[in-house]
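Colleague: return atomic coordinates for the entry below.
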Amino acid sequence: MENRKCLECYEQLKGRADQKFCSDPCRSAYNNRHCNESHIVINSVNRILKKNYLILATLLSEGKTRTSKSDLQKKGYRFDYYTCVITTRSKSINYFCYDHGFRENENNKLTLVRQESNMKLSEVEY
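Modeller: The predicted structure follows:
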């Protein structure tokens, strides 16, 4: 008979031939560790994008349409993280974090913009 061991604690396995873990806690610990290791980068980028989005959404909900780069930086905005860049017909460049964004004007002034989406989530392909 084959010498099978638990993938987490390396205890001898008894039971089904396709068994990988000796117990539910071992299975859970193994999967949590492997899932965490592979998603650290994704989770950290998603946190930064979420913070950027909330900063822009808060300013837009307050009715603000203009701000400065330094004001966004003081709030913790990270300019190197965005989800989309759109160049308009007038050649201005809009940086979006999902549907909220900005365009840079002269003197480090920013115009806040919101992109209207006609796409339904059910139509998005993954």
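Colleague: could you use CA atoms for every contact and neighbour count after this?
Modeller: Will do.
Colleague: didn't residue 108 look like it was pressed against residue 68?
Modeller: Yes: the criterion here is C-alpha atoms under 8 Å, and residue 108 meets it with residue 68 at 6.0 Å.
Colleague: state the number of residues packed around residue 116.
Modeller: 8 (other C-alpha atoms under 10 Å).
Colleague: give the buried residues for stretch 48-60.
Modeller: 48, 49, 51, 52, 53, 55, 56, 57, 60 (16 or more other C-alpha atoms under 10 Å).
Colleague: name the residues that touch that stretch?
Modeller: With C-alpha atoms under 8 Å, 6 or more residues apart in numbering as the test, stretch 48-60 has contacts from 65, 72, 75-78, 81-83, 97-98, 100-101, 112-113.
Colleague: what do you get if the cut-off is 6 Å, keeping everything else the same?
Modeller: 77, 97 (C-alpha atoms under 6 Å, 6 or more residues apart in numbering).
Colleague: just give me how far it sits from the chain centre.
Modeller: 12 Å (C-alpha atoms, centre = their mean, to the nearest Å).
Colleague: for it, output the C-alpha coordinates as CSV.
Modeller: Provided in CSV are the C-alpha atoms of stretch 48-60 (Å, rounded to 0.1, in the frame of the first residue of the first chain):
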residue,chain,number,x,y,z
ILE,A,48,-5.1,51.1,-3.1
LEU,A,49,-7.7,51.3,-5.9
LYS,A,50,-10.5,51.2,-3.4
LYS,A,51,-9.0,54.1,-1.5
ASN,A,52,-8.4,56.1,-4.6
TYR,A,53,-12.0,55.5,-5.7
LEU,A,54,-13.4,56.5,-2.3
ILE,A,55,-11.3,59.7,-2.3
LEU,A,56,-12.6,60.7,-5.8
ALA,A,57,-16.2,59.6,-5.0
THR,A,58,-16.2,61.7,-1.8
LEU,A,59,-15.0,64.8,-3.6
LEU,A,60,-17.5,64.4,-6.4
